[in-house]
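# below is the sequence, then the predicted model.
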Amino acid sequence: MRAELHELSAVELTGAIRRRKVSAREALDAHFDRIDAVNGSINAVITEDREGAAALAEAADELTMSSADLPPLHGLPMTHKDTHNTKGLRTTQGSVVFKDFVPTFDDLIIGRLKKAGVVTTGKTNVPEFAAGAHTFNELFGTTVNPYDTSRSAGGSSGGVAASIAAGIQPLGEGSDMGGSLRNPASFCNVVGYRPSIGVVPSVPTRNAWAWLNRNGLMARDVEDIALGMAAIAGADPAVPYPYPVAGSFAAPLQRDLIGLRIGWSPDFGLGVPVDHEVLRVLEGQLQVFRDLGAIVEEAAPDLRAADQVFGTTRAFDFVLGLGELVKKHGDAIKPEIRWNVEQGLQLTAQDMVDAALARTRLDTSVRRYFGKYDVFASPTAQVLPFDASQRFPTSVNGVEFDTYLDWMRSATLISATGLPAVSVPAGFSDDGLPVGLQLVMPHGKDVELLQVAYAFEQATGWAKRAPDACGSHHRLNIDE
């Protein structure tokens, strides 16, 4: 059975451990076997702690045999995103600046996962300081896509997405400012969920009022997302935002979509360029919702203020979070980050006033939209997984991009709204590359959002299509 354990979902694997059909040590051995088998092809896992993980698995098995209550993710092996601090385990942020850094503390999301019973096994690759939706850095090289190892796995949670898609683990945590959970989910045919603000607080933080970045989960299916969220969601006194979710993540995912009002837009109402093949795949899936009883119309909220909100807020967050590091280390940090910090340093009081007014306009228009529609559906990514030797796409459909963020507007526009969003597998291009569908609902309706995603997932089965093989390892050099 060990050879098949990597195919199990988190619900199935933790259930098997709980029923003593599988030991935590057996699950761990299968996890490392899978790393040995496929990681050379995709370069997703960049730090391992086999000795520490073995001790955790043994402790988990002792707990299984006791009469104690077992935590919800009991015995589940998991690597973590390398931008999340893990006590006693190297956390580099994908940067040479932190190549030897070993934290003395866990970030809140890591602490909650550990309390929920996961067996921490290592770290997964990220772009430097999670900047950019393509996972490469000077320390560890490039993470590639299990569906085509010449293509990008996305980012910044690309190492997590590739690990999940390749069967290394069924569930993993990530973060998302401008699409870092959703974009790699779309590229790797997994589910990526960005929660409402306050669901999984970012602790520690230099700015307790920061709202743009979110911590969330990725998995091969929605049921695993719900299992993980039931274990880690909740407010924290270090962050002033209240816990907003109506209902419980442990609630049944099954629901009918009869009468559900879905607004679909191929271009976000702004003429956002999206690869023709991506649109062909997604527009072919809209009938699934109609067959389930939903009403689907082409309609987008007024997102004209979203670019200004995202750009200003991101620039402010970058100068606050990374400004001192860029000042100290300069050219040791990649140019895209230096550019983002410079944008923040150039902000004026008027820029901040204008962004606050734009955010209010955006919030008003979004509320008006969700007075008529229950769900907004759109492309998750504007492009298919691209050549992994590129730093980032520079054009789509003949439209040239000005910055390294422009090809990600399908995600950043939604980030600016602050709303919960999920990318769910929605089909494949003619060349076998994954395509994700982005679903968005109002603040706090996270449970309903996962229920809608689950209904689509169950009706289509796209999430069950695994990579045929991880192929040979591509050692890539991306020019700085």
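In hand now; what should we look at? What you see is a predicted model, and the numbers here were worked out from it, not measured in a lab. Numbering: from 1, shown residues only.

# could I get stretch 370-377 in PDB with only the CA atoms?
Output of stretch 370-377 as PDB, limited to C-alpha atoms (Å, rounded to 0.1, in the frame of the first residue of the first chain):
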ATOM      1  CA  PHE A 370     -22.900  41.400  -5.600                       C
ATOM      2  CA  GLY A 371     -26.300  42.900  -5.000                       C
ATOM      3  CA  LYS A 372     -27.200  41.300  -8.400                       C
ATOM      4  CA  TYR A 373     -24.800  38.300  -8.600                       C
ATOM      5  CA  ASP A 374     -23.700  35.700  -6.100                       C
ATOM      6  CA  VAL A 375     -20.400  34.800  -7.800                       C
ATOM      7  CA  PHE A 376     -18.000  36.400 -10.100                       C
ATOM      8  CA  ALA A 377     -16.200  34.000 -12.500                       C
END
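
# gap between it and the chain center?
Distance, stretch centre to chain centre, for stretch 370-377: 23 Å (Cα atoms, centre = their mean, to the nearest Å).

# try stretch 442-450
Averaged C-alpha coordinates place stretch 442-450 at 16 Å from its chain's average position (Cα atoms, centre = their mean).

# show the contacting residues for the residue most central in space within the chain.
Geometric centre of the chain, nearest residue: residue 181, 1.5 Å, by Cα atoms, centre = their mean. Neighbouring residues of residue 181 by Cβ atoms under 8 Å, 6 or more residues apart in numbering: 157, 174, 175, 192, 193, 194, 214, 216, 217, 218, 423. C-beta here means a position set from N, CA and C on the backbone, and glycine is covered the same way.

# before we move on, what about residue 426?
Per Cβ under 8 Å, 6+ apart, neighbours of residue 426: 281, 282, 285, 435, 436, 437, 456, 460, 462.

# among those, which are located in strands?
435, 436, 437 (DSSP state E).

# closest to residue 101 out of those?
For the ones in strands among the contacts of residue 426, the residue nearest residue 101 by Cβ to Cβ is residue 436; the value is 32.7 Å.

# report the contact partners of that closest one.
Contacts of residue 436 (Cβ under 8 Å, 6+ apart): 182, 185-187, 189, 192, 379-381, 423-426.

# could you export these as CSV, including pLDDT?
Formatted as CSV, the contacts of residue 436 follow (pLDDT from 0 to 100):
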residue, pLDDT
182, 98
185, 98
186, 98
187, 98
189, 98
192, 98
379, 98
380, 98
381, 98
423, 98
424, 98
425, 98
426, 98
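
# quick check, nearest of the residues you listed to residue 150?
residue 187 (12.8 Å).

# can you report how many residues neighbour the closest one?
Other residues near residue 187 come to 36 when the count uses other Cβ atoms under 10 Å.

# pLDDT at the residue lying closest to it once chain neighbours are set aside, what is it?
Once flanking residues are discounted, residue 187 sits nearest to residue 154: 3.7 Å by Cβ to Cβ, 6 or more residues apart in numbering. Per-residue confidence at residue 154 stands at 98 (pLDDT).

# so what's residue 154 up against?
So residue 154 contacts 133-135, 145, 161, 183-188, 381, 385 (Cβ under 8 Å, 6+ apart).

# cool, and residue 261?
Contacts of residue 261 (Cβ under 8 Å, 6+ apart): 294, 295, 297, 372, 373, 374, 375.

# which strands and helices sit next to the lengthiest helix in the chain?
Looking across the chain with DSSP state H, the single longest helix is helix 306-329. Counting contacts by 3 or more Cβ pairs under 8 Å, 6 or more residues apart in numbering; DSSP states H and E, helix 306-329 packs against helix 335-345, helix 349-369, helix 409-417.

# average pLDDT for the shortest one?
Mean pLDDT, helix 409-417: 98.

# can you show me the CA trace of that helix as PDB?
Output of helix 409-417 as PDB, limited to C-alpha atoms (Å, rounded to 0.1, in the frame of the first residue of the first chain):
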ATOM      1  CA  ARG A 409      -3.800  41.400 -13.600                       C
ATOM      2  CA  SER A 410      -6.400  38.600 -13.700                       C
ATOM      3  CA  ALA A 411      -5.300  38.000 -10.100                       C
ATOM      4  CA  THR A 412      -4.200  41.400  -8.900                       C
ATOM      5  CA  LEU A 413      -7.500  43.100  -9.900                       C
ATOM      6  CA  ILE A 414      -9.300  40.600  -7.500                       C
ATOM      7  CA  SER A 415      -6.700  41.100  -4.800                       C
ATOM      8  CA  ALA A 416      -7.500  44.800  -4.800                       C
ATOM      9  CA  THR A 417     -11.100  44.100  -4.000                       C
END
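
# follow-up on the earlier one: among the contacts of residue 261, which ones are buried?
294, 373, 374, 375 (16 or more other Cβ atoms under 10 Å).

# closest one to residue 35 out of the residues you listed, please.
Using Cβ to Cβ, those come closest to residue 35 at residue 375, 37.2 Å.

# what about the nearest residue to the closest one once chain neighbours are set aside, which SS state?
The shortest distance from residue 375 to any non-neighbouring residue, by Cβ to Cβ, 6+ apart, is to residue 262 (4.6 Å). For residue 262, the assignment made with DSSP: H, G, I helix; E, B strand; the rest coil gives strand.

# is it correct that residue 262 is in contact with residue 296?
Yes - assessed by Cβ atoms under 8 Å, residue 262 is found in contact with residue 296 at 4.8 Å.

# okay, and the common contacts of the two?
Common neighbours of residue 262 and residue 296 (Cβ under 8 Å, 6+ apart) are 289, 377.

# follow-up on the earlier one: including neighbour count and secondary structure, could the contacts of residue 181 go into TSV?
Below are the contacts of residue 181 laid out as TSV (neighbours: other Cβ atoms under 10 Å; DSSP: H, G, I helix; E, B strand; the rest coil):
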residue	neighbour count	secondary structure
157	38	coil
174	33	strand
175	23	strand
192	34	strand
193	30	strand
194	31	strand
214	26	strand
216	28	strand
217	30	strand
218	31	strand
423	32	strand
